[in-house]
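J.: sequence first, predicted coordinates after that:
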Amino acid sequence: MAKEQRLITPLVESGIQVEPPTPPSMGLNTRIQRAWSMLFGRRENTLQPVYASRGGMLGVVPLDLNGWTMVYHDDPTTGWANFGQIVDLVFYSGLDLTMVAPYLEFGPDGVNTTHIVTPTVYSIGFDGEANIQVVSGYAHVRSRYMKGTGCFESGGMVAAYTAPKR
């Protein structure tokens, strides 16, 4: 991480209770980095580092899939897809030439839907013959079966991961 820069702010820090308590020698910039790490960068009991751009934008390290096991990577099917084991994280993208509202279904046995996930990114275009909708997203689930509706009719990709220490 780059050397800390002095932070100038009109905020006055007084009477703030932090659990666990902040060591008294910790500066304001370090406290902000610590708070961001605790909010957005926690992975189990390890705080991920926070970085700041030259423009002052704060961020955290990207999702680290080290230790995760990819158990499924394939073109989606029109029916229920079997991951082969319980997965924790599913990434997907798809293309459809109809105007059906896209969503994913997850269930325990391919028949009962326990929850539904809508795409994170959803865009619509026109290719001269039909409307095209492109979707992508991710789902934090614990499921073995998935079915895509309205987002995989013309193509797509699904990748499913199992978390470490399952």
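T.: Okay, I see it.

J.: what bridges to residue 115?
T.: Note on residue 115: beta-bridge partners residue 106, judged by DSSP bridges.

J.: where does the nearest residue to residue 119 once chain neighbours are set aside land in three-state SS?
T.: In this structure, residue 119 finds its nearest non-sequential neighbour in residue 135, 3.8 Å apart by CB to CB, 6 or more residues apart in numbering. For glycine as for every other residue, the C-beta is placed from the backbone atoms N, C-alpha and C. With DSSP: H, G, I helix; E, B strand; the rest coil as the basis, residue 135 sits in strand.

J.: for residue 69, see how far away residue 135 is.
T.: 25 Å (CB to CB, to the nearest Å).

J.: likewise residue 91?
T.: For residue 91, the distance to residue 69 - CB to CB - is 14 Å.

J.: of those two, who's got more company?
T.: residue 91 (18 against 14; other CB atoms under 10 Å).

J.: which residues does the more buried one contact?
T.: Residue 91 is in contact with 136-138, 158-161, counting by CB atoms under 8 Å, 6 or more residues apart in numbering.

J.: next one: residue 69
T.: 161-162, 164.

J.: out of the contacts of residue 91, which comes closest to residue 106?
T.: The closest of the contacts of residue 91 to residue 106 turns out to be residue 160 (CB to CB; 10.7 Å).

J.: packing partners for the helix or strand harbouring the closest one?
T.: Assigned by DSSP states H and E, residue 160 belongs to strand 155-162. The helices and strands touching strand 155-162, judged by 3 or more CB pairs under 8 Å, 6 or more residues apart in numbering; DSSP states H and E, are strand 69-74, strand 81-96, strand 131-149.

J.: make JSON lines out of those and add mean pLDDT.
T.: Listed next are the helices and strands packed on strand 155-162 as JSON lines, based on pLDDT from 0 to 100:
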{"stretch": "strand 69-74", "mean pLDDT": "92"}
{"stretch": "strand 81-96", "mean pLDDT": "88"}
{"stretch": "strand 131-149", "mean pLDDT": "87"}
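
J.: for the ones you listed, which one sits closest to residue 30?
T.: So among the helices and strands packed on strand 155-162, strand 131-149 is nearest, using CB to CB, at 30.3 Å.
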